[in-house]
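Peer 1: Coordinates for the following, if possible.
(chains A, B, C and D)
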There are 2 protein chains.
Amino acid sequence: MSRAATLGERIRGEIETRILSGEWPPGHRIPFESELSALYGCSRMTVNKVLAGLAEAGLIERRRRAGSFVAQPALQSAVLRIPDIPAEIQGRGEAYAFELIDRRTRESGAHEPPAAGLMPGLALLDLTCRHLADGRPFAYEERLISLAAVPAAAQADFTAVPPGTWLLQHVPWTQAEHRITAVNAAPRLARALGLPAGGACLSVERRTWRGPETLTYVRQTFRGDAYSLGARFSP
Amino acid sequence: MSRAATLGERIRGEIETRILSGEWPPGHRIPFESELSALYGCSRMTVNKVLAGLAEAGLIERRRRAGSFVAQPALQSAVLRIPDIPAEIQGRGEAYAFELIDRRTRESGAHEPPAAGLMPGLALLDLTCRHLADGRPFAYEERLISLAAVPAAAQADFTAVPPGTWLLQHVPWTQAEHRITAVNAAPRLARALGLPAGGACLSVERRTWRGPETLTYVRQTFRGDAYSLGARFSP
DNA sequence: TAGTGGTCTAGACCACTAA
DNA sequence: TAGTGGTCTAGACCACTAA
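Peer 2: The predicted structure is shown next:
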């Protein structure tokens, strides 16, 4: 089945076990690199790579001259997968469909969403669209794309490929910021999602950069009764 | 200011720049370790650590005998900080208060939340409580703690320390699963949060394990108009 | 100022796998 | 089967910092 563990993996496993079992509580000093290399009969480099990995994972903290210490339990955090909507729907075994409701080119003004962080006077592509799963409304999407940062978007055919998927395939990004909120559906949104007015929706806002430049800002709104975000995490 | 970059950091930066600028697109084969070590005049070990780091970060994929390749753009994902509620509120400069509404010891039955993954017949501590910011309702919390896994919880004083904070300080965990949804507040919940019935709320469910054993299951419900989850992420 | 961690070298052997 | 990446060795020098 699984190949034999390497020496580094074995050392890492034994240290992790002592930490996670509580045998080495937060603040406990773990053996120095020199002690561990003597203990396992290996070079210090092998131990160094193990401890560097544990530090990167947040399980230990390392201080020159002082040693390595079991870290205080991390604030819980979760790696959340922000899905590509077509892939998400097809992964459920449902038929994906996409509607481009509106597409216009305009300049950014004073009333852009503050979270978009767009200066006035930028050339924008302003898109409104809807994602459907098995013919039922799944998500409503409002998106702004900076044409200065992504000029090729002006020629893209967003009736054929949803803009999120197109961007993922064509434009590298360096940073993204997300904001997840719950909102009561306003009448227009409720109609678009096939919900009673006031129905709870999950709103995911995302702003994506390349370097200092905002590439795109999007707000995707999902029916609260049909969608949830899931995440699994280890410390 | 910042100290000079090490050679490894410089190599990593130059490769990242080529990938993120699109000069090396997805699927592009990057130079072999031997080529890079010749190019930078360093040992192969130095290059190996750089490429291993890039692979761990998901920017490249490595295949024996074939080489290292720029990875397809990652599905967007986000590192979400699941906050310790008292720390979150105090971080906003607001006064934190906590109310323990109900505390009982009971056995798990057939009607536990399916996401809790609790077998029937387990000894449970069942807690209901409310978090307040500057005297206003902030979050409603329903929590189950397995007394088999965390016997010390039976003696803890949860009128003084909220259970989430107590657990974070006392119990190491190995894995957590989260589920984030939007819900319309049912009448009882709306009263507890000071919302009109049907108001949108953000619900965060979390199940936490140590090894194979469930430690705790919690559902925290936040006023949608007063709370959002934020996340910042690089690929 | 003494001792830790951070980084690097110049090798080595091997598992894996694409050709 | 040839060549890559994966891992390891036995050193070295240095920056940083706790004592």
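Peer 1: Strands along chain A, start to end?
Peer 2: Per DSSP state E, chain A carries strands over the ranges A:29-30, A:60-63, A:67-70, A:77-81, A:96-107, A:123-133, A:136-146, A:175-184, A:200-210, A:213-223, A:229-233.
Peer 1: would you turn those into TSV with mean pLDDT and distance to DNA strand C?
Peer 2: From N, CA and C alone the C-beta is placed, and that goes for glycine too. TSV is the format used below for the strands of chain A (pLDDT from 0 to 100; distance: least, C-beta to the nearest atom of the strand, whole Å):
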stretch	mean pLDDT	distance to DNA strand C
strand A:29-30	93	8
strand A:60-63	90	4
strand A:67-70	92	4
strand A:77-81	62	22
strand A:96-107	95	32
strand A:123-133	96	36
strand A:136-146	95	36
strand A:175-184	88	23
strand A:200-210	90	26
strand A:213-223	93	29
strand A:229-233	68	24
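Peer 1: residues near the residue nearest to A:R18 when sequence neighbours are not counted, how many?
Peer 2: In space, not counting the residues next to it along the chain, A:R18 is nearest to A:W24; the distance is 4.5 Å by C-beta to C-beta, 6 or more residues apart in numbering or on different chains. The tally of other residues near A:W24 (other C-beta atoms under 10 Å in any protein chain shown) stands at 20.
Peer 1: A:A154 now?
Peer 2: Counted by other C-beta under 10 Å, the residues lying close to A:A154 total 11.
Peer 1: if we can go back for a sec, quick check: which of the strands of chain A is nearest to B:H28?
Peer 2: When these are ranked by distance to B:H28, counting by C-beta to C-beta, first place goes to strand A:200-210 at 17.8 Å.
Peer 1: what residues does chain A put near DNA strand D?
Peer 2: Applying the criterion C-beta under 7 Å from any atom of the strand, the portion of chain A that neighbours DNA strand D consists of A:6-9, A:41-46, A:49, A:63-66.
Peer 1: Quick check: longest helix in chain A by residues?
Peer 2: In chain A, assigned by DSSP state H, the helix with the most residues is helix A:7-21.
Peer 1: correct me, but A:G121 touches A:S108?
Peer 2: Yes. With contacts counted by C-beta atoms under 8 Å, A:G121 reaches A:S108, the gap being 6.4 Å.
Peer 1: When the two are compared, which one has more neighbours?
Peer 2: Higher neighbour count among A:G121 and A:S108: A:S108, with 17 against 9, using other C-beta under 10 Å.
Peer 1: Now the buried members of the residues of chain A next to DNA strand D.
Peer 2: Neighbour counting by 16 or more other C-beta atoms under 10 Å in any protein chain shown classes A:G8, A:T46 among these as buried.
Peer 1: about what we covered before: could you redo the strands of chain A as JSON lines and give each row distance to B:G199?
Peer 2: Below are the strands of chain A laid out as JSON lines (distance: least, C-beta to C-beta, whole Å):
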{"stretch": "strand A:29-30", "distance to B:G199": "49"}
{"stretch": "strand A:60-63", "distance to B:G199": "42"}
{"stretch": "strand A:67-70", "distance to B:G199": "43"}
{"stretch": "strand A:77-81", "distance to B:G199": "24"}
{"stretch": "strand A:96-107", "distance to B:G199": "28"}
{"stretch": "strand A:123-133", "distance to B:G199": "25"}
{"stretch": "strand A:136-146", "distance to B:G199": "20"}
{"stretch": "strand A:175-184", "distance to B:G199": "7"}
{"stretch": "strand A:200-210", "distance to B:G199": "9"}
{"stretch": "strand A:213-223", "distance to B:G199": "17"}
{"stretch": "strand A:229-233", "distance to B:G199": "20"}
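Peer 1: Tabulate the ones you listed in JSON lines, adding columns for distance to chain B.
Peer 2: Supplementary listing: the strands of chain A in JSON lines, determined by distance: least, C-beta to the nearest C-beta, whole Å:
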{"stretch": "strand A:29-30", "distance to chain B": "15"}
{"stretch": "strand A:60-63", "distance to chain B": "13"}
{"stretch": "strand A:67-70", "distance to chain B": "10"}
{"stretch": "strand A:77-81", "distance to chain B": "5"}
{"stretch": "strand A:96-107", "distance to chain B": "16"}
{"stretch": "strand A:123-133", "distance to chain B": "15"}
{"stretch": "strand A:136-146", "distance to chain B": "13"}
{"stretch": "strand A:175-184", "distance to chain B": "3"}
{"stretch": "strand A:200-210", "distance to chain B": "4"}
{"stretch": "strand A:213-223", "distance to chain B": "8"}
{"stretch": "strand A:229-233", "distance to chain B": "4"}
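Peer 1: These: which one's closest to B:G91?
Peer 2: For the strands of chain A, the distance to B:G91 is smallest for strand A:77-81, at 15.1 Å, taking C-beta to C-beta.
Peer 1: Quickly list what A:L100 is bridged to.
Peer 2: Here A:L100 sits in beta bridges with A:C129, going by DSSP bridges.
Peer 1: So chain A: which segments form each domain?
Peer 2: Domain assignment for chain A by automatic domain parsing gives A:7-70, A:85-223.
Peer 1: Count residues in the vicinity of the residue nearest to A:R130 when sequence neighbours are not counted, would you?
Peer 2: Computed as C-beta to C-beta, 6+ apart, the closest residue to A:R130 that is not its neighbour in sequence is A:E99, at 4.6 Å. For A:E99, the tally of surrounding residues (other C-beta under 10 Å) stands at 13.
Peer 1: okay but A:E99 is in contact with A:G135, surely?
Peer 2: No. The pair A:E99 / A:G135 is not scored as a contact, 11.1 Å apart, by C-beta under 8 Å.
Peer 1: Tell me what A:T208 is bridged to.
Peer 2: For A:T208, the beta-bridge partners are A:A176, A:T216 (DSSP bridges).
Peer 1: Now for it: which residues touch it?
Peer 2: A:T208 makes contact with A:L167, A:W173, A:Q175, A:A176, A:T214, A:L215, A:T216, A:Y217, according to C-beta atoms under 8 Å, 6 or more residues apart in numbering or on different chains.
Peer 1: Spatially nearest residue to the third one, not counting backbone neighbours?
Peer 2: What it means is A:Q175. What sits nearest to A:Q175 in space, not counting adjacent residues and going by C-beta to C-beta, 6+ apart, is A:W209, at 4.5 Å.
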